[in-house]
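Student: below is the structure, and that's it, no one-letter string:
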C-alpha cells in the first residue's frame, strides 16, 4: 500500500507506486470500461514512456474462465445469501412493506459476513413483481399475492445472484400455473448447460418451455448473464449469442413470466460449466413456498 495524507494529496503516493512497480517505458493493457481517464493520465505522467491501451477482448477472455479460488468465493457468497434468505422468510409478515422486508434481508446477509451487496437487492410485492428490475418501495405485502426477491452478496469481490418467488398465503390458480411453468423453464435451462454448446442454446431451451405454455410474450428478458467481478458480464445467455461455453464459465439461468397488474415469477440459479457438464452452485429450494 502507498499511503498519502490530505495535505500532500494522492499524487506523491501514485508516483511512489509507479516507481515501485517499474512502470516507466511499459505498456499497460486495461479494460476500457474500468480505467478512469485521470488514472491513465497519471500513469503516463509518473511513469515516463509508459503507454496505456485498451484490450477488452484479451482481459474478458481471461475473466471468462474462473479458477478454483474464484469459484470458492462465489460458492461462499451463495451460501451466505441462501442462509440469509432462509432466516429472512419467517420474519416477513402480511402488512409489512417491501422496504421493511428488504431491510431484514440486508441485516441477515451482513450478520453472515457478506462483504458487500452484489447489486441493489429487489423485493417486489403483488403486481409490482411483474417489473423485472423494479425498486422496492412502501408497497404493502398482501395475502394472495406474489413476493419476488432478487439479491446477492459478494465474497472477495465475487458475487452471488439469486432470485426466488414466493406465495403470500393462497394465490390464484393462474399464478400457481405460471410458477410451475417458470420452474420447468429454469430446469430446462440448467439441464441444457454443458461445454461445447452456444450460450443461446440455454436461452432457447428455457424459452421453449415458456413459449409452448403460451406465455412467450411475457418472458421479456434474456435467460441469463455471466457472473464474476461484474454482476453482469459475458457470457450472456441470450438468443443471438453463439459464444461457445467452456469450463470455468459462470452465469445465471433466470427465466421469468410477468403479467402486468397481476404479478411476476422469476427463478434464478448460478451455474458453472465443468469439463463434462455443468454444476448448479445454488441449492435453495425451487418448489413454491407459502410465506407470511
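Tutor: Done, it's in. The model shown is predicted, which means the values in this text are computed figures rather than measured ones.

Student: just give the nearest non-adjacent residue to the residue most central in space within the chain, would you?
Tutor: Most central in the chain under C-alpha atoms, centre = their mean is residue 161, positioned 3.5 Å from the mean C-alpha point. Sequence neighbours aside, residue 152 is the residue nearest to residue 161 in space, at 4.4 Å (criterion: C-beta to C-beta, 6 or more residues apart in numbering). C-beta here means a position set from N, CA and C on the backbone, and glycine is covered the same way.

Student: contacting residues for the one you found?
Tutor: 77, 81, 117-119, 121, 159-162, 231 (C-beta atoms under 8 Å, 6 or more residues apart in numbering).

Student: swap in 6 Å and give it another go.
Tutor: Contacts were defined as C-beta atoms under 6 Å, 6 or more residues apart in numbering; by that measure residue 152 touches 81, 118, 159-162.

Student: coming back round to it: tell me the spacing between the residue nearest to the centre of the chain and residue 12.
Tutor: Here residue 161 is placed at a distance of 40 Å from residue 12 (C-beta to C-beta, to the nearest Å).

Student: tell me the helices in the stretch 1-150 of the chain, going along the chain?
Tutor: Defined through DSSP state H, counting those that start in this stretch, the helices belonging to the stretch 1-150 of the chain, from first to last, are 11-20, 37-46, 56-64, 68-88, 98-111.

Student: ok, which of those comes nearest residue 243?
Tutor: Ranking those by distance to residue 243, with C-beta to C-beta as the measure, places helix 56-64 first at 8.8 Å.

Student: quick check: angle from that closest one to helix 68-88?
Tutor: Relative orientation of helix 56-64 and helix 68-88, computed by axes from the mean of the first three to the mean of the last three C-alpha atoms, to 10 degrees: 60 degrees.

Student: which other helices and strands contact helix 56-64?
Tutor: For helix 56-64, the contact count by 3 or more C-beta pairs under 6 Å, 6 or more residues apart in numbering; DSSP states H and E identifies no helix or strand as a packing neighbour.

Student: give me that answer again for 7 Å
Tutor: Using 3 or more C-beta pairs under 7 Å, 6 or more residues apart in numbering; DSSP states H and E as the contact criterion, the elements in contact with helix 56-64 are strand 233-237.

Student: centre of the chain to the helix or strand just after the strand it packs on, how far?
Tutor: Per DSSP states H and E, strand 233-237 leads on to strand 250-253 as the next helix or strand towards the C-terminus. The chain centre lies 8 Å from the centre of strand 250-253; the measure is C-alpha atoms, centre = their mean, to the nearest Å.
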